[in-house]
Structure formats: C-alpha cells, structure tokens
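Student: pasting the sequence and the predicted coordinates here, then a few questions.
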Number of protein chains: 2
Amino acid sequence: MTTDTPARLLQLLSLLQTPREWPGSELAERLQVSGRTIRRDVDRLRDLGYPVQATMGAEGGYRLVAGKALPPLVLDDEEAVAIAVGLRAGAGHAVEGIEEASVRALAKLEQVLPSRLRHRVKSLQSATSSLVYDRGGDGAVIAPETLTVLASATSGHERLRFSYEAGDGARTRRLTEPYRLVSAGRRWYLIAYDIDRDDWRTFRVDRVSDPFATGARFAPREVPTGDAAEFMRATVWRGAPTFEVDVTFRAPAAEVARRLPPSFGAPEATGADSCRLRATVQDSLEWVAMRLALLGPDFTVHGPSELAEHVARLGSRLTRAAAG
Amino acid sequence: MTTDTPARLLQLLSLLQTPREWPGSELAERLQVSGRTIRRDVDRLRDLGYPVQATMGAEGGYRLVAGKALPPLVLDDEEAVAIAVGLRAGAGHAVEGIEEASVRALAKLEQVLPSRLRHRVKSLQSATSSLVYDRGGDGAVIAPETLTVLASATSGHERLRFSYEAGDGARTRRLTEPYRLVSAGRRWYLIAYDIDRDDWRTFRVDRVSDPFATGARFAPREVPTGDAAEFMRATVWRGAPTFEVDVTFRAPAAEVARRLPPSFGAPEATGADSCRLRATVQDSLEWVAMRLALLGPDFTVHGPSELAEHVARLGSRLTRAAAG
DNA sequence: TCATGTAGGACAGGTCACGACCTAATTGAG
DNA sequence: CTCAATTAGGTCGTGACCTGTCCTACATGA
C-alpha cells in the first residue's frame, strides 16, 4: 500500500471511525508501522482537533469520539448509498430549517460518488418516492437531480440552462446566472438573473426541467434588494394563501404534539383525553388533510370549510373503496 | 494555522469538495504555500485514488470528481446535521435493502458528532417522527438512538444491557452479547447471546428500551445455525401472517407503479385508465390501508376483507371528522 | 502482583517536503 | 492571431520532519 504519512493518517482516521476499540498494536500491524509511530499519529489527529480517546490498561485501545470539529467521514460503499438515498428521499420534504443544508450535502456527496454507486442509488431511490415526494400535495414533484444540479451551479457560480413552464403552461428555455436556491414554505425557489430577459427572476423549481450547468463561470452581481430572503418575500409570497386550521383531537395533547409537524404549533389540552389545535398554515389543504388522517386518533374539523371538504372527500373515497 | 502536510491535505480535500472550480493560485494563497506545493498535493490526492479533475487554460482550475474511491466527506455543521436528521428519519422505514447500512452510517456519524450539533439534531428530529416512524403500523416505534446504540455495540463487540418487554408485557433486564442487527420485513431484530439465559435469542428492537453498551468486550461466538439470516428465519418468521391484497385503481398502471412501494410489486393494466394489483404482503394491514389512501387515485378493495375493514374504518373516521 | 495497554522523552539516520526556477502545453478572449 | 491565464512537470539545495529503537512512567483489570 501507499506508505507515506498523509495516506496513513487518512487510513487511520477511517479505521478509528469504526465504532470499536483499536489496540495500538493492531493499528501498527495494519498500517505496517511501529507502535511508536501510531502513537505519534494519534497525537497528530488530536492536534487536528479530532479527539481520539484512549482507554488505558488491559483491554484498552483507541477510538474516535465526539469533539469540537467533525472529522472527515470515511464511508464504505453501502453507507454512502444509504446516505444518498436517505437525502434524496428527504430532499423533497425535509425537516424545516435544514432543507438547503440537506441539498448541499447531497450535492457534495453526489459530486464524488463513484458511478457504480450512483446506479445503485438511482435504482433504490424509486422506492421512496411515493409517500414522501408530493410535497405541495398538488403534484409538484421535484426530482432530486434537479435540486442537486441547481445547488451545484449556484454555489459554483456556473451559468444554468433549463426549460421552464410558466403558470399558463407555456414552456420556455432559460439561460440564467443562479444566485440562490431557497426553500420557502413547502416549495423550492431558484433566484437567478435571467440573461435573455436581462432581469432578476424567481423560478419555482418544480416547474424547472432538464437543467444543466453550462460550465461558464460568472461573477455574482448584486441582488436588487440586497438580500435573497427579502427578494423572495417581495416577489413570491405576496398573496400566498394561508388558512386558519381549527381541529379537535380525541387524544392527549402530548401525544398529538409528538406526532404533529412542529410548523403546526402545539395543541392545547381541553381535557385529559382531548385537545384542540389552532394553527395558521400556508400549506395546501389536501396535504393538511392527509397529515391529519395519518395522525391516528379521531378528530373533528371545525374549520376552514375547505379543509373539511378535503377530509370529507378523502373519507368518501375510502368508504367507496371499501364497499367494493 | 497548522502548517504540516497531512493537515493541509485534509484542508485541500475539504476545499475541493465544494462544487466549484479552484484555481491553483487561490488554493495556494488559502493554504499559505507555493503553487508548486499545491500541484504536488493534487498529485498526492490523485495517488490516493481521489481524482482531481483539472481544466486547463484560462478560467481553469481544480475540482474533485467522481472516481473509483469515495473520498472522506468533509461536511460543515449544517450538512452534518442534515444528514443525521435525514438518516434518523429514514432509519425507521428506510428503503428496502439498505436499512442496515443506513443505521451503520448513522452510528458512524453520531459517534463523532460534536455535542452542540447533537442537540440540534435532537430538536429537529422530532419534526419527522410522525409520518414516517410508525413502521409496523401497530405502534412499534423505534427510537433512532436505540438503533445506533445497538449497531455500535454489535460492530464493536461490546456487551449490551437493556430491558425487554416480552409478548405478554413482562419486563426483564437482559445482559447480552449482540451478534447482529437485522431488518426483516418491516421490523428490526437483534440477534444476541443472552448471558443470563445462557442461550441465543432474537429480540424485537421495538421492545427494547434503555439499551447501553457496558464497555466490556467479548469474543464473538459461533451462531448456532451458522448464519444470522438462517437463524432469523428459523426463530422469527415462523407463522408471520401474510395477506393476499387485491385492489383495483382508477388510474394508469404506470402512475400507480410509480407511487407504490416496490415491495408491493407492479399492478397490471386492466384498461387505459385502470389497473389491478395483486400482491402478497406481510405488513400490517393498517399500514397498507394508509398507503393506499395516500396514493391519490380512487381505488376499490377486493380483498382481503380485513383490509376492507381497515379502509372502511379510516374512511368513516374521516367522514365523522369532516361532519364536525 | 503481573500482564497489557497508553504516554511520551531522547536520539540518530535518512527521507522527503518545500520553494525557487525553469519549460511545455492548453484554452479562451480580444 | 496573439496574449494572458492556467495546469503540468523537471531539477536542485536546504532544512525540517518523520521513523524506529531505546527507555521510563503510569493506568487498569485479573
């Protein structure tokens, strides 16, 4: 094997990431160096901020523990595939507050993922799509590939070409300088400078198709209002419909709270075995209805009436299904 | 900064993982070394099997691309949290075929996750639990912590102590030598040698609570039938109920197939806009009912009758909810 | 008390890493 | 076409650093 120092350190890091204890002698044998060198290497890792814990005495050994800095993760093939699949599944709906980071991590991983693993990810990925994907509840499905391509182009300052379907169904080709990829509410948006239109635009990512980075780099311009979030608010959120959901559950407040997405807020107890939830949501009501149905306990919809309609429709669909 | 070679290589690796092009001069300035040294470092990385692609000419630069080996992933805080949250969410239900790898990756990551990040993961994790968690559909919820503790103890050959709730509700404390953690069907099982009982046992992980590794190492014994999967089949699967699901959908076969978990198999088209699914499942029927409800299109349950009952019950629950 | 592990100092010898300098090849823009 | 910016790689001298071999000290469990 390669016998020089940096390579050995990386290898050592990978060994220590296995959740077990490694006696120095075993490490020495594995890496074909003396025990003294292992001790020195361990010191070096500690200097780098990766705390290697050593338990002394017989049955002792080294292991990597949590420290201040996160060491580079050394993954085997299967683990890498598992992470990629997990992130792709989560990319569409992820947990609020980490959507962007999730996509960044995925882009980072896929950039270096060997192609043999990429195939496995692709074939496994189809499995998860159904339950989780339909993020807006209105068929606005986003392919994970799209998100990662946009994320890479954005952070790499590469021009981006894609075709876009406007609200009226018209498809156009766009050449843009992507500025930011943001997840707002239940949707993804790309803020970019449209070169042909010579102006800033926000694009709904679920309407983007066939995106690819042209490879041409560009120097970032100033975004008009100075900040992406501000710009979003000014251009997209105007008039996004919100609803005042009001529901009573026949279950303890604690249990409902545990099973409810936190964006809904917390229900207030109205008895030992019932609670009431009032929440302002800007999600699609169909999605809210499903969410409530999945919750488990019985519940009653007080409002809005559109939500009651959705619930009723879902209910009758199921009743019809069972009647067959 | 640390100025020695291994540290610099790791730093370089982390820079190159950003999806963008890095001119050598910029890298040189960042790492406080000469351009020549950068070129040598790039060579070193290539020697290690991490292909650094260089585009020549003006506007050129280095970037890390997919190669044969997966380089150690250098993540920032947010990305690490995103991955941890994603894996925890996925740990319960993951995609068939990668459950174990998923848990291994999670254990590896959590082993080295700084505590400040661990807190963020914990607070975010609650968000995802509802929709995805209830894996068996029968309230058999598994905490991700439990899975990672078991995984670590298993691969580290550490003795494991936990309390276990038997089928009849009796709680006992167990001291075991964990042998394997397997995901079968829709459940997790731990195959371990029970020291007090002095025999091999399989434990349902959803019935395990408060597990912790004692730290004591043990030498793995021979598992009786020689193979974990075999042992599983012999002890657990006997008499697991299966159902013959038979459902007609009012939607094209292709669309239904796309949104259905692959374990259900593929529906066969019975018309341009309808298809029929016959599948043998060993899941809980309540779970199947939810799955069907979430699918979107209208459907009709032909059998089994228990499934129709579940669907009907869900339907009437929703109808009642809407009537409020 | 002993075996087995980590911790770390001192030293000698050899290696290798670095910077400085050089030339070649490639690409895009003007 | 020409020029500028970039990667690619050779050579050389100096000095730092890395390694293995000693050694002692200390912690731990049987």
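Tutor: Cool, the structure landed.
Student: the helices in chain A, which residues?
Tutor: A:5-17, A:24-31, A:35-47, A:77-91, A:99-112, A:115-125, A:129-133, A:144-156, A:228-235, A:253-259, A:285-295, A:305-323 (DSSP state H).
Student: and residue A:271, how many residues sit next to it?
Tutor: 11 (other CB atoms under 10 Å in any protein chain shown). Where C-beta positions appear, they are placed from N, C-alpha and C, glycine not excepted.
Student: what are the bridge partners for it, then?
Tutor: residue A:274 (DSSP bridges).
Student: name the helices or strands packed onto the longest strand seen in chain A?
Tutor: Across chain A, the longest stretch assigned as strand under DSSP state E is strand A:171-184. Helices and strands touching strand A:171-184, by 3 or more CB pairs under 8 Å, 6 or more residues apart in numbering or on different chains; DSSP states H and E, are helix A:99-112, helix A:144-156, strand A:158-165, strand A:187-194, strand A:199-204, helix A:228-235.
Student: list the residues that contact whichever residue of the stretch 151-300 of chain A sits closest to DNA strand C.
Tutor: Going by CB to the nearest atom of the strand, DNA strand C is nearest to residue A:216 of the stretch 151-300 of chain A, at 6.9 Å. Residue A:216 makes contacts with A:158-159, as judged by CB atoms under 8 Å, 6 or more residues apart in numbering or on different chains.
Student: the one 5 residues further on now?
Tutor: Taking CB under 8 Å, 6+ apart as the criterion, residue A:221 is in contact with A:177, A:179, A:193.
Student: for those, which one is nearest DNA strand D?
Tutor: residue A:177 (19.3 Å).
Student: surely the closest one touches residue A:196?
Tutor: No. Look at residue A:177 against residue A:196 with CB atoms under 8 Å: they stay out of range, at 11.4 Å.
Student: the more surrounded of those two?
Tutor: The neighbour comparison of residue A:177 against residue A:196 (other CB under 10 Å) goes to residue A:177, with 21 against 10.
Student: any idea what the closest residue to that one other than its chain neighbours is bridged to?
Tutor: In space, and not counting its chain neighbours, residue A:177 is closest to residue A:193: 4.3 Å by CB to CB, 6 or more residues apart in numbering or on different chains. For residue A:193, the beta-bridge partners under DSSP bridges are residue A:177, residue A:200.
Student: what is the neighbour count of residue A:193?
Tutor: Residue A:193: 20 neighbours (other CB under 10 Å).
Student: could you do residue A:247 as well?
Tutor: 25.
Student: same thing with residue A:319?
Tutor: Around residue A:319 there are 17 other residues, counting by other CB under 10 Å.
Student: can you tell me the closest non-neighbouring residue to it?
Tutor: Using CB to CB, 6+ apart, the nearest residue to residue A:319 is residue B:315, at 3.8 Å.
Student: that neighbour and residue A:312 touch, don't they?
Tutor: No. Applying CB under 8 Å as the test, residue B:315 and residue A:312 come out as separate, 10.3 Å apart.
Student: higher neighbour count, those two?
Tutor: Set residue B:315 next to residue A:312 and count neighbours by other CB under 10 Å: residue B:315 wins out with 23 against 18.
Student: so who does that one touch?
Tutor: By CB under 8 Å, 6+ apart, the residues touching residue B:315 are A:315-322.
Student: how about a cut-off of 10 Å?
Tutor: A:293, A:314-323, B:289, B:293 (CB atoms under 10 Å, 6 or more residues apart in numbering or on different chains).
Student: show me where pLDDT drops low in chain A?
Tutor: For chain A, applying pLDDT under 70 flags the ranges A:1-3, A:57-59, A:90-97, A:125-141, A:184-186, A:223-242, A:258-264, A:281-284, A:287, A:324.
Student: let's see it at 50
Tutor: A:1-2, A:128-139 (pLDDT under 50).
Student: any idea how it splits into domains?
Tutor: A:5-64, A:78-235, A:243-323 (automatic domain parsing).
Student: dump those domains to TSV, plus distance to DNA strand D.
Tutor: Output for these, formatted as TSV (distance: least, CB to the nearest atom of the strand, whole Å):
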stretch	distance to DNA strand D
domain A:5-64	2
domain A:78-235	10
domain A:243-323	39
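Student: out of these, flag the one nearest residue B:69.
Tutor: Nearest of the domains of chain A to residue B:69, taken as CB to CB: domain A:78-235 at 7.3 Å.
Student: residue A:104: neighbour count?
Tutor: 26.
Student: which among the contacts of residue B:315 count as buried?
Tutor: A:293, A:314-315, A:317-322, B:289, B:293 (16 or more other CB atoms under 10 Å in any protein chain shown).
Student: most widely separated two among those residues?
Tutor: Among the buried ones among the contacts of residue B:315, A:293 and A:320 lie farthest apart (CB to CB), at 15.5 Å.
Student: if we can go back for a sec, now the domains of chain A in JSON lines, with distance to residue B:244?
Tutor: Shown next, in JSON lines, are these (distance: least, CB to CB, whole Å):
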{"stretch": "domain A:5-64", "distance to residue B:244": "42"}
{"stretch": "domain A:78-235", "distance to residue B:244": "21"}
{"stretch": "domain A:243-323", "distance to residue B:244": "17"}
